[in-house]
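1. Here is my input; please provide its structure:
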Amino acid sequence: MTLTTKLKLNNLTVWITGASSGLGEALSIECARRGATVILSGRNADKLQTVKNKCKHSKKHLVLPFDILDSEQSQAAYQQIIDKMGGIDWLINNAGVSQRSLIMDTNEAIERQLMEIDYFAQTRLTRLVLPAMIKQGGGKVVMVSSIAGLLGTQYRGGYGAAKAAIHMWANSLRAELSEQHVKVATVFPGFIQTNVSINALTGDGSTQGTMDEATDKGLTAKAFAKKVVSALAKDKEYIIVAGHKEKLATLINRLSPPKLYQAIRKAKVT
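-> Model prediction:
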């Protein structure tokens with residue numbers, strides 16, 4: 001297996017977590033469209049099969065359901081990949097869950113749950129695949145962070161902390177692997193039209209169950225996936241895919257954080 005900087009991914013095997021819907025579904029379809037062999041993972045085998053059927057050359061792809069929070073299941077899933085596919089070129093750590101609750105209304109257990117899903121599960125899976133990537137002479141690890149991992153806003157305290165943590169972890173990993181030919185990329189989605197807000201955890205652990213207006217008006221998942229996969233194929237390492245307002249906010253944050261947070265305090269954030 002070899003890496004390529006071309007827009008086509010014909011020689012690549014790509015493992016995508018959280019592939020049963022939303023960003024993961026769109027990324028799976030786009031990677032397959034560009035020629036990659038895709039391994040689709042999540043907890044729901046039926047939903048994964050539905051996504052696989054939407055992928056170009058669907059018969060060559062692999063549905064691999066498992067619970068990413070379970071260490072033994074993660075190891076068993078990777079062993080299946082080794083046995084059936086020989087290994088992977090890219091790991092896209094996309095599985096995750098969002099949050100919609102004020103910090104004072106959020107149980108510590110829920111914040112720990114957010115960290116387990118959005119941080120520890122991703123780092124565990126990455127450590128699992130790295131030895132073989134290094135041995136084969138290269139590969140790519142992709143962390144799906146969030147604009148919320150760059151900017152702190154209301155109702156997303158635990159989620160933003162987890163996404164910031166995975167961003168910083170990826171920065172360190174990139175530096176450590178710089179001579180091992182393993183590339184590390186971080187993706188920062190803004191508002192994308194998915195069920196992320198519907199499935200977001202509230203302070204007691206229940207799901208919000210409703211669509212945020214900003215999410216509903218965001219970029220389509222298909223447009224997001226095209227931008228991300230194109231950037232990854234060009235070996236971009238820091239990929240922000242968001243609307244104009246979110247991109248402007250990240251720029252202001254770099255230039256003057258106090259001005260940004262003055263605006264955030266006045267904004268209606270839900």
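2. quick one: residue 106 and residue 157 touch, right?
-> Yes: under the contact definition of Cβ atoms under 8 Å, residue 106 touches residue 157, with a separation of 6.9 Å. C-beta: built from backbone N, CA, C; applies to glycine.
3. Check the contact lists of these two and give me the overlap.
-> Overlap between the contact sets of residue 106 and residue 157, as judged by Cβ atoms under 8 Å, 6 or more residues apart in numbering, is given by residue 99.
4. Between those two, which is the more surrounded one?
-> Legend: neighbour count by other Cβ atoms under 10 Å for residue 106 and residue 157, higher for residue 106 (22 against 19).
5. Not counting its neighbours along the chain, what's nearest the more buried one?
-> residue 203 (4.2 Å; Cβ to Cβ, 6 or more residues apart in numbering).
6. Quick one: residues in contact with whatever helix or strand residue 74 lives in.
-> Assigned by DSSP states H and E, residue 74 belongs to helix 71-85. When contacts are defined by Cβ under 8 Å, 6+ apart, helix 71-85 is touched by residues 13, 15, 37, 39, 41, 62, 64, 66-68, 87-88, 121, 124-125, 128-129, 132.
7. which other helices and strands contact whichever helix or strand comes after it?
-> Secondary structure here is assigned by DSSP H and E; on that basis, the next helix or strand after helix 71-85 toward the C-terminus is strand 90-93. Other elements packing on strand 90-93 under the criterion 3 or more Cβ pairs under 8 Å, 6 or more residues apart in numbering; DSSP states H and E are strand 13-16, helix 121-136, strand 139-144.
8. Run the chain-centre distance for the helix or strand just after strand 90-93.
-> The first helix or strand that comes after strand 90-93 along the chain, using DSSP H and E, is helix 108-115. Distance, stretch centre to chain centre, for helix 108-115: 18 Å (Cα atoms, centre = their mean, to the nearest Å).
9. contact partners of helix 108-115?
-> Counting contacts by Cβ under 8 Å, 6+ apart, the residues touching helix 108-115 from outside are 97, 99, 101, 157-159, 161-162, 165, 201, 203-205.
10. Dump that helix to CSV, keeping only the CA atoms.
-> These are the backbone C-alpha positions of helix 108-115, laid out as CSV (Å, rounded to 0.1, in the frame of the first residue of the first chain):
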residue,chain,number,x,y,z
GLU,A,108,-19.4,15.6,35.7
ALA,A,109,-20.3,12.1,34.5
ILE,A,110,-21.5,13.6,31.2
GLU,A,111,-18.3,15.6,30.7
ARG,A,112,-16.4,12.4,31.3
GLN,A,113,-18.6,10.6,28.8
LEU,A,114,-17.8,13.3,26.2
MET,A,115,-14.1,12.9,26.9
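11. What mean pLDDT does the strand or helix carrying residue 46 get?
-> Under the criterion DSSP H and E, the helix or strand holding residue 46 is helix 45-54. In this model, helix 45-54 has an average pLDDT of 98.
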